[in-house]
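> Pasting the sequence and the predicted coordinates here, then a few questions.
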Amino acid sequence: MIGNLPYLVVGIIFLLGLYAVLFEKNLIKIAIGVSLIEASANLLLIVLGYRTGGSIPVFTLAGKVGKMVLPVPQALTLTAIVIGLATSALMLSLIMMLYKHYGTLDVREIRRLRG
Amino acid sequence: MYSLSVIVRTICDVFAWFLAVFGVYVIIHGHLTPGGGFQGGAVVATLFAFLLVAYGGKKFIPFYKSNLFSWFETVGLLLFIGTGLVGLGTTFFYNFLAGQGGLFGSTVPIGPNSGVLNSSGTIALMNMAVGVEVIGGLSLILYYMFKGIRLYEESGSEETGHDR
Amino acid sequence: MSWHVHLPALVIAVPLLGAFIAPVASMLGKVARNFWLVGVSALTALLSVLLWQQVLTSGTAIYVMGAEAFNLSLPSGMSLPIRIILEVDAFSAFMAVVGSIAAFAGALFSTNYMERFSGLDKFAALYFLLTTGMLGMVLTGDLFNFFVFLEIASVASFGLVAFWRDRPEAIEASFKYMVVSTIGAMMILIAIAFLYGRYNAVSMAAVANALRLGYAEKIALVFLIIALAMKCGTVPMHMWTPDAYTEAPAGVTCLLIAVSQASLYGLFRVCFSIYGASLGSAVVPWTIIILGVLSMFIGVSMAVVQKEIKRLMAYHSVSQIGYMLLGLGVGLLALSDPQAMADYGFTAMKGGIYHLINYTMYKGLLFLTAGALYYAAGSRNLNDLGGLARTMPYTTFMFVIAAAAIAGLPPFNGFVSKLLIYESTFAVYPILSIMALVTSVLTLASFVKVFQTAFLGPAKAKLAQVKEVPPGMLLGMSVLTIVIIGLTLFPTWSLSNLVEPAAKALVNQAGYISAVIGGGL
């Protein structure tokens, strides 16, 4: 780990995902953008738990090693990944139904609810 | 939607059941090695994705019984919340099996060791419940999303209770 | 004593158990499924009322999941609480009661409303998951647990908004709602990661105890406020509200309103109990006040011109959220100054919190009556409806009560809460009061338009076969009507027993922290 590099990467991935959601026209690319934003949030959680020189956070190594990385953010990230999976599965199913109803994947055409 | 060539089908036959065993290993050893309920369940669900890709939809859809996996989902969820409610005498989700010496109750020795499978009480039971549920849930997602592609060919039943 | 202490966990566990058993109950037939849907909702409402009574008599209740004793938050002298802690103070218990009554009414309504559709076993399971998510959001004392329950409620609501899958507009509405909501939830997760990285704790009381305002905390506060205000339907993030509330089935919309109130609860928990006295400058309260005023005005202006009943009511929903943000923003402005708090701040908070229960009740009832009109007459467009008061007397009566309450006509409960908000915001800046009054007048105008078009007037030939709605739907609507009439007839009791303990608990940050940090051996 070189200083603040991981946090910079988190910021870049978040901005790339946000760009994809805001400016892309294809529905599947918007879903990929949301997936990138989720990935950046999970990466931030994992990176925050790292301690330089720490070993794996196993219960049976307590007292034998100097320091361990924090295990709590790993549990938080697992939960967030599962939530992201459920959201992506639902989003892709809805895109399939939208294609069946509207006949196009262009987000500029899907505008029946206005005003 | 058609089967792929004989090379792909042979490799699928060799590796698919290995995926099942490996997935169950990851679920059961969740309290000792990295992994656990969700991760192992996802590995077993890729077994079904593997079968779907190699053999094609025509053979997969009759083979896969969605009722059975719907029951997997329900049983897994009920086992999970049942294990939480049994400990309600003390608190909700209390680990009443740890350290008692019975099922999953051995104590864990301190110091580097190869891991005791029989430990950690209700955590192991909940891992298995979540694993069973994720196997059911994820394979149902794959099955229904694949069946949804065929919505264009056959016309499903339309609801009549609302306009359009 | 023995089972009272388990009430916070039971209020979350009972609807969760209901959700998991719903597919099994539906296999036994239609009557079993309806009975399960109504029975578990009624049991949840009863448990929430018992929890509220216990909190009123014994103070803030905490519950530590999985510990050896229910209040062992700091085992063996640790300095940080280590398990997931449910912390129920008077404001949480108040929100739990409000939400579970709305869930019960929606469940009663949906037993008859949804009988023409298929896939109802999944509907019951998703409905209970939405109830669990909402109740979990208001009862928890842990930031990451709040995020998990928020996501449970959101994902269940995505499925329920898209439930009428043969309508293209429903799928479009659900997709738009899903993209905006997921990005908001990820911003909440990033804010929680910031706070965890600084203080090594995700428990709300532990973070509140150690909070020192710095650069990272300011970024976390901005992300939390924006994302939670988006989930309530505040301008300028309100674009999903008209679509999602219109396209969901009516019983589900009644529950979606309660879920947005739970997000409002999260916003005020963050501002008052976590950041509290260390908010520093007045930028955050003024931002909330300005967002509130914008929501009020833009919501009601868009609502007056709508032709579809549910879309009109959904825009009104945006404007009513503005009232609550205004009231509680003024309270936040007065938080640092005890003299201002005694002058106008506490009244503003009481007005905002009383408006919360009023809004959930009358807006839920309005959406249910719109659903009843759709069920009976088959159309939501005001151009097709007319003269329905003769054939649907009960629905008309309940619509009149709800419309009078939302417009703020005396003596209904809407008038009392709006009067408290007008009085207190006048002391800050008179123009805020004037905007609130203008919004109220425009609200009355749009509901007079709906009432006159849909219910009064000559009977139309196309609507000759319209009958009154089935009794299940009438029972659901009358639950909410009874609560509105109760709040109308006993305003002093409601203010002093329901609202004032909640407002006091919200201002008391030290009490919130010491309930968790002071517990244990």
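Right, received. Where do you want to start?
> Spell out which residues of chain C are next to chain B.
For chain C, the contact set with chain B under CB under 8 Å from any CB of the partner chain comprises C:6, C:9-10, C:13, C:16-17, C:20-21, C:23-24, C:63-70, C:116-118, C:164-168, C:374, C:378-379. Placement of C-beta: from N, CA and C, glycine included.
> Whichever of those residues end up buried, select them in PyMOL.
Buried subset of the residues of chain C next to chain B, written as a PyMOL selection, criterion 16 or more other CB atoms under 10 Å in any protein chain shown:
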select buried, chain C and resi 6+9+10+13+16+17+20+21+23+24+63+64+65+67+70+117+164+165+166+167+168+374+378+379
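> for the residue nearest to C:Ala170 when sequence neighbours are not counted, what are its contacts?
Using CB to CB, 6 or more residues apart in numbering or on different chains and skipping residues adjacent in sequence, the residue nearest C:Ala170 is C:Glu247, 4.1 Å away. With contact taken as CB atoms under 8 Å, 6 or more residues apart in numbering or on different chains, C:Glu247 is in contact with A:113, C:161-162, C:164, C:167, C:169-170, C:173-174.
> distance of C:Glu247 from C:Lys310?
8 Å (CB to CB, to the nearest Å).
> For burial, what's the neighbour tally of residue 52?
This is for chain A. 7 (other CB atoms under 10 Å in any protein chain shown).
> meant chain B actually
B:Leu52: 20 neighbours (other CB under 10 Å).
> give the contact list for it.
Counting by CB under 8 Å, 6+ apart, B:Leu52 has contacts B:60, B:142, B:146.
> The same query, at a cut-off of 6 Å, please.
B:Phe60 (CB atoms under 6 Å, 6 or more residues apart in numbering or on different chains).
> same question, C:Phe175
Counted by CB under 6 Å, 6+ apart, C:Phe175 has contacts A:Leu94.
> For it, what is the enclosing helix or strand?
Assigned by DSSP states H and E, C:Phe175 falls within helix C:168-199.
> now for the helix or strand following that helix, which elements pack on it?
Next in sequence after helix C:168-199, counting helices and strands by DSSP H and E, comes helix C:204-210. When contacts are defined as 3 or more CB pairs under 6 Å, 6 or more residues apart in numbering or on different chains; DSSP states H and E, helix C:204-210 packs onto helix C:168-199, helix C:509-517.
> touching chain B at all, the top helix by length along chain A?
Determined from DSSP state H, the single longest helix within chain A is helix A:72-102. Yes. Helix A:72-102 reaches chain B (CB under 6 Å from any CB of the partner chain) through A:82, A:89, A:96, A:100.
> Point out the least confident one among those.
When the residues of helix A:72-102 next to chain B are compared on pLDDT, A:Lys100 comes out lowest, with 87.
> and it, how many neighbours?
Count around A:Lys100 with other CB under 10 Å applied: 16.
> Could you do the one 5 residues further on as well?
The local packing of A:Leu105 (other CB under 10 Å) involves 16 other residues.
> cool, and the one 10 residues further on?
For A:Gly115, the neighbour count with other CB under 10 Å is 9.
> Check the spacing between B:Gly115 and B:Gln100 real quick.
From B:Gly115 to B:Gln100 the distance is 19 Å (CB to CB).
> likewise C:Ile85?
In terms of CB to CB, C:Ile85 sits 26 Å off from B:Gln100.
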